[in-house]
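Peer 1: Model the following, please.
(one chain, ligands or ions: 2)
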Amino acid sequence: MYTMKPEYYTGIEFIDKEHTRLFELAEETHELLYDDLLQDKSDRIIHLVSELINYTKTHFAHEEAYQKSIHYAYIKEHAAQHRQFEDSLLEIDLDEIEDDFETQNDTVEQLLEFLINWLVNHIQKVDMFIK
Ligand SMILES: [Fe+2]
Ligand SMILES: [Fe+2]
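Peer 2: Ligands and ions are numbered 1, 2, ... in the order given. As a prediction, the model looks like this:
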């Protein structure tokens, strides 16, 4: 369901490859949301959020290094968007995940919505213009 589409390709190979991984993580979030057999999703939520924090950090570092190398004019503004995304992920309080199935699903749903909205918007409106 969540995967790269033709309109998400920037034409910069390593960026497209890393974005593919980010969509995979969104897909994993989607699968977790609809996993009705798993009674307690807290471990998977923690794992997923940690993976997202780690992988976006790596991706943003690569992207910003590339921008520097080509003397891209909007590094500051672009990096500010990356930092904002990182801050939002860090705001998710992993110690406060409730035991209740519905509440856990709400958490996963919010994460998925935030992730997809940010990713698609940032790729199409910002990453697309790195040159
Ligand atoms: Fe990106
Ligand atoms: Fe970016």
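
Peer 1: drop to CA atoms for contacts and neighbour counts, all remaining ones
Peer 2: Fine.

Peer 1: So for the most centrally placed residue in the chain, what pLDDT did the model give?
Peer 2: Residue closest to the mean C-alpha point of the chain, counted by CA atoms, centre = their mean, is residue 115 at 4.9 Å. What the model reports as pLDDT for residue 115 is 98.

Peer 1: Could you measure from it over to residue 36?
Peer 2: Between residue 115 and residue 36 the computed distance is 21 Å (CA to CA, to the nearest Å).

Peer 1: Residue 79 too?
Peer 2: 38 Å.

Peer 1: More neighbours: which of the two?
Peer 2: Using other CA atoms under 10 Å as the criterion, residue 79 and residue 36 rank with residue 79 on top: 16 against 12.

Peer 1: In terms of helices and strands, where is the more buried one?
Peer 2: Per DSSP states H and E, residue 79 falls inside helix 75-90.

Peer 1: which parts of that helix are buried?
Peer 2: 75, 78, 79, 82, 85, 86, 89 (16 or more other CA atoms under 10 Å).

Peer 1: dump the residue contacts of the fifth one.
Peer 2: With contacts defined as CA atoms under 8 Å, 6 or more residues apart in numbering, residue 85 is in contact with residue 118.

Peer 1: If I look at it, what pLDDT would I see?
Peer 2: Here the pLDDT value assigned to residue 85 is 98.

Peer 1: and if you look at the first one?
Peer 2: Turning to residue 75, the model gives it a pLDDT of 97.
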